[in-house]
Every structure is written in C-alpha cells, then in structure tokens.
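Colleague: Quick one, fold the following:
(one chain, ligands or ions: 2)
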Amino acid sequence: MAIILDGKTTAASLNDATKIQADKLTAQGIQPGIAVILVGEDPASQIYTRNKHRKAEKLGMKSVLIELPETVSQDEVINEVEKLNQDQSIHAILVQSPLPDHIDATTVTNSILPSKDVDGFNPTNLGKLYGRQPGNYPVACTPKGIMTLLKQYDITLAGKNVVVIGRSVLVGRPVAALMINQNATVTLAGRFTQNLKALAKTADILVVATGTPALISGQDIKPGATVIDVGINRGADGKLTGDVDFETASQVAGAITPVPGGVGPMTIATLMQQTVELTQWSLNNGK
Ligand SMILES: NC(=O)C1=CN([C@@H]2O[C@H](COP(=O)(O)OP(=O)(O)OC[C@H]3O[C@@H](n4cnc5c(N)ncnc54)[C@H](OP(=O)(O)O)[C@@H]3O)[C@@H](O)[C@H]2O)C=CC1
Ligand SMILES: Nc1nc(=O)c2c([nH]1)NC[C@@H]1CN(c3ccc(C(=O)N[C@@H](CCC(=O)O)C(=O)O)cc3)C=[N+]21
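Modeller: Numbers count the residues shown, from 1 in each chain. Ligands and ions are numbered 1, 2, ... in the order given. I've put the predicted structure just below:
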C-alpha cells in the first residue's frame, strides 16, 4: 500500500505560515487582496472559487469575486481586468478557466499585469519559468503546490524519469518546466501520444492532469512510483474522483495523492501563499 501524500495536512501548515505573513502586512497597513473573475458555471471552477473565498477570509485577506454571465463579451471581461490592474487594494488577479468559446482566454489573461498574475499565465512570467530565471515571479499555483508537496515528503526530482500526462498552460506545461528546472528528465504527453500507458509505466514520478476519470490504473504504474493525481472529476453520484483509479493504483505506487485531499488543497494554499508573495514583491517593485 502506497504512502498517501496528504495535501490537506501539508496545505494546513502552509496556510499557517501564510497567515503569519498576511497579518504582518495587514499590520503595516497593506492587507493582501485577491480578485477572481468567474465567467459562467463550470463546476470545477465553482468548487475552486468557493474554497478559495473561504480560505482567503480565514487568513484575513481581502477577497473579491466578480461573477459574469456566460454571455459576457471579451471586451467586458478585459475591462474588469483593467479595473483590477489599477486597484491598489488588489495584488493578485485570477481569471477562472475555462472561459466560454467566444472569449479568447490568452487575450484575456495577457491583459493581467505580470505583477498581479497569480496564475503565472502572462508570457513574461511563463518565459522566466521556462528560462529558469532567478528572481521573484508568480508560477501557476497547482504546479507550485505539487512541488511543495513533493518536498514535504522528501521526494527528489534530480535524475528521475517524469511523465506528465496533460499539457495545459495551467498545469501540465508549468509542472514540466518546474521539474526540468529541478533536473528531472521529463516527458510531456497528451492525446496524440502513442502507447500512453506503456510510457506511463516508465515513470518514477507520474503526474496526471487530464480531466479523464480513471485514465490511469494500477497496471499502468511502475511499482514504487510516485503518482500525482491532479484531475477533479465529479461522478454521477456527486463524489469527486481524480484521473487515476486510486484503488488499484495505491496497491502498486510507492506514494500517491488522493482526490479529494491531495493536489486540490495544495492549489488553494499556494494561491494564498502567492497572493501574499505578490503583495510583498509589490512593495519592492518585484525585487
Ligand atoms: N486539483 C487541482 O488543484 C486542479 C485540478 N485541475 C483539474 O485537472 C484536470 C486537467 O485540467 P487542465 O489542465 O486545466 O485541463 P485541459 O482540458 O486544459 O487539458 C487537458 C490535457 O489533458 C490531455 N488529455 C485529456 N484527455 C486525455 C486522454 N484521454 N489521453 C491523453 N491526454 C489527455 C489533453 O491533451 P491534448 O493537449 O493532446 O488535447 C490536454 O493536454 C481537470 O480535471 C481539472 O479540473 C485543474 C487545475 C487545478
Ligand atoms: N485560472 C484558473 N486557475 C486554476 O487554478 C483553476 C481554474 N482556473 N479553473 C478550475 C481549476 C480547478 N481547480 C481546483 C482547485 C482546487 C480544488 C479543490 O480545492 N479541491 C478539493 C475539493 C474539496 C471539496 O470541495 O470536496 C480537493 O481536491 O480536496 C478544486 C479545483 C483550479 N483551477
């Protein structure tokens, strides 16, 4: 039976550390502030938004939620972003994905100031990550949270074979970049990948971020491997499941994240951590 990588507990201690930093800033008269723009009614985004709001309030941060209807125009969304760019009380801006088809997500996220881009989507921040540049800049919260969780359990990256299934700008690409930067050998896979399951079985560390329930099961996992299940899928019974069949996978893996209670809480905690970091960085112009 695999070690369970407990995201809930790890997130709780990260949140404690974040609260100390947030309180310090608030005492100096700078309460960290985050704004989320949610367009339409994607269920995963709704879960995320709800959890985020609860947590930000608990940590004493300012939290603003802007809910826009599915029919909103791209210009109206950008207009909201630009107001938040100007708003001194907001240090972190997040536009929930997915956006409706009539809106170009890249154009919208590119309109967020790099210094408030808490998802790390802006080309400036993406470029720094890919270039392994030093300095302070935001990185997508789920990948950053996965790295924190691996570190907590002393799982190292250097020399490991990593397979990442899913290559979105939100999860797959930045997690691959972070792991390359830690000297892992990374393969980034998707729908076009041939012999996906055989490839998965070569991984010392397998990250699955596809939104396809039970894509990976025990027989696709190298014995003793670390399995990071990013997927959030809601079953017909209303229960959350990941992209990995936990029951069979946990019998083969050496370590595995559960869903819920794995990567999800780490994402929220990292979002809070990074909101505080953006607030701190804004005081020294990013230095
Ligand atoms: N736990 C958390 O904190 C978070 C969870 N999520 C969840 O993670 C999942 C992925 O999110 P996101 O990256 O935004 O999703 P996207 O839909 O943007 O990307 C999905 C990726 O998975 C690949 N993929 C999908 N199905 C298959 C398949 N059957 N075989 C191989 N590759 C496949 C796609 O490949 P291709 O590029 O070839 O089309 C694509 O690259 C979702 O369930 C989402 O809800 C997301 C963010 C945070
Ligand atoms: N711009 C943008 N950035 C994102 O990071 C982003 C996004 N859009 N769109 C949607 C996805 C999804 N996502 C989740 C994060 C945490 C939980 C989470 O807290 N999960 C708990 C669920 C607890 C529960 O409610 O039962 C857990 O896994 O334990 C879920 C989903 C972030 N996303």
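Colleague: Can you point out the helix or strand that includes the residue in the chain positioned nearest to ligand 2?
Modeller: Closest approach between the chain and ligand 2, counting by C-beta to the nearest ligand atom: Gly264, at 2.2 Å. Using the backbone N, CA and C atoms, a C-beta is placed for each residue, glycine as well. Under the criterion of DSSP states H and E, Gly264 resides in helix 263-283.
Colleague: What residues sit buried inside that helix?
Modeller: 263-282 (16 or more other C-beta atoms under 10 Å).
Colleague: For that helix, which helices and strands make contact with it?
Modeller: Applying 3 or more C-beta pairs under 8 Å, 6 or more residues apart in numbering; DSSP states H and E, one finds that helix 263-283 contacts helix 7-27, strand 33-39, helix 43-58, strand 92-95, helix 141-152.
Colleague: so of those, which one's packed in deepest?
Modeller: Highest mean neighbour count among those (mean count of other C-beta atoms under 10 Å): strand 92-95, with a mean of 27.
Colleague: continuing past that strand, what's the next helix or strand?
Modeller: Following strand 92-95 in sequence, per DSSP H and E, is helix 105-110.
Colleague: what helices or strands is that next one leaning on?
Modeller: helix 74-86, strand 92-95.
Colleague: Can you show me the CA trace of it as PDB?
Modeller: C-alpha atoms of helix 105-110 as PDB (Å, rounded to 0.1, in the frame of the first residue of the first chain):
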ATOM      1  CA  ALA A 105      -8.500  33.100 -23.000                       C
ATOM      2  CA  THR A 106      -5.000  34.100 -24.000                       C
ATOM      3  CA  THR A 107      -6.000  37.700 -24.900                       C
ATOM      4  CA  VAL A 108      -7.800  38.000 -21.500                       C
ATOM      5  CA  THR A 109      -5.100  36.500 -19.300                       C
ATOM      6  CA  ASN A 110      -2.400  38.600 -21.200                       C
END
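Colleague: got the residues of the stretch 151-287 of the chain near ligand 2?
Modeller: By C-beta under 6 Å from any ligand atom, the residues of the stretch 151-287 of the chain that approach ligand 2 are 170, 232, 240, 259-261, 264-265, 267-268.
Colleague: So for the closest residue to Thr26 other than its chain neighbours, what's the pLDDT?
Modeller: Sequence neighbours aside, Gly60 is the residue nearest to Thr26 in space, at 6.1 Å (criterion: C-beta to C-beta, 6 or more residues apart in numbering). Note for Gly60: predicted pLDDT of 96.
Colleague: Please name the residues that touch the residue of the chain found nearest ligand 1.
Modeller: Nearest residue of the chain to ligand 1 (C-beta to the nearest ligand atom) works out as Gly190 at 2.8 Å. Going by C-beta atoms under 8 Å, 6 or more residues apart in numbering, Gly190 touches 165-167, 172.
Colleague: And Ser250, by the same measure?
Modeller: Residues in contact with Ser250 (C-beta under 8 Å, 6+ apart) are 1-2, 4, 218, 256.
Colleague: follow-up on the earlier one: export the helices and strands packed on helix 263-283 to CSV and tack on distance to Asn79?
Modeller: Formatted as CSV, those follow (distance: least, C-beta to C-beta, whole Å):
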stretch, distance to Asn79
helix 7-27, 29
strand 33-39, 11
helix 43-58, 20
strand 92-95, 13
helix 141-152, 25
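Colleague: Out of the ones you listed, which gets the lowest mean score?
Modeller: helix 43-58 (a mean of 86).
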